[in-house]
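1. The sequence isn't on hand, but the structure is:
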């Protein structure tokens, strides 16, 4: 696929996996690295189209500020692929607990590593199916997981020992999350500890 067409696909992707969007964009931006004006314009248009995608902002900043944009794109890709957040989250979750979690790739990967947990995933039906399937295909079967729509978020937190949302972007003032994650955070309130995965 031509780099500009790949960038158009990233721009039109909607609320897709933020890390996946950044990885797709990195490949295309690396191909534009020898054309500084085109690279700057491409980054600007990507961020206009995906203003809530934190990894994409980081990627564009890394590439634009680097003396060698192509090498910066490769380093950013490696950092995104080798991100240990899912492993760290899997290790931090309380043993035998019940987790209410918004569907997000890092959270799903962590739950796939924890067959001792019960989990209720909150999200849209299509994301729920994909997330539940990925959890079940974990190394040892993954967590025992069921699904709930955002309107059922309160039910998801009834027995939960913690609630987990995945940040699309994070900063000192707070985190930006998808609507399903916001519904889960509201449902958790002060009764259930809320974790934000960044």
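-> Ah, there it is. Given the structure is predicted, the values throughout are model-derived calculations rather than measurements.

2. what distance separates stretch 54-65 from the centre of its chain?
-> Between the mean C-alpha point of stretch 54-65 and the mean C-alpha point of its chain there is a distance of 16 Å (CA atoms, centre = their mean, to the nearest Å).

3. Where in this protein is the helix or strand with the lowest mean pLDDT?
-> Least confident helix or strand, the chain: helix 3-11 with a mean of 80, by mean pLDDT, DSSP states H and E.

4. now that helix, how far from the chain's geometric center?
-> Here helix 3-11 is found 19 Å from its chain centre; the criterion is CA atoms, centre = their mean.

5. elements contacting that helix?
-> helix 18-31, helix 36-49 (3 or more CB pairs under 8 Å, 6 or more residues apart in numbering; DSSP states H and E). (Glycine included, C-beta is placed from N, CA and C.)

6. Figure out which of those is closest to residue 79.
-> Nearest to residue 79, of all the helices and strands packed on helix 3-11, is helix 18-31, at 9.9 Å by CB to CB.

7. So which elements touch the closest one?
-> Using 3+ CB pairs under 8 Å, 6+ apart as the contact criterion, the secondary-structure elements in contact with helix 18-31 are helix 3-11, helix 36-49, helix 54-65, helix 69-81, helix 105-112.
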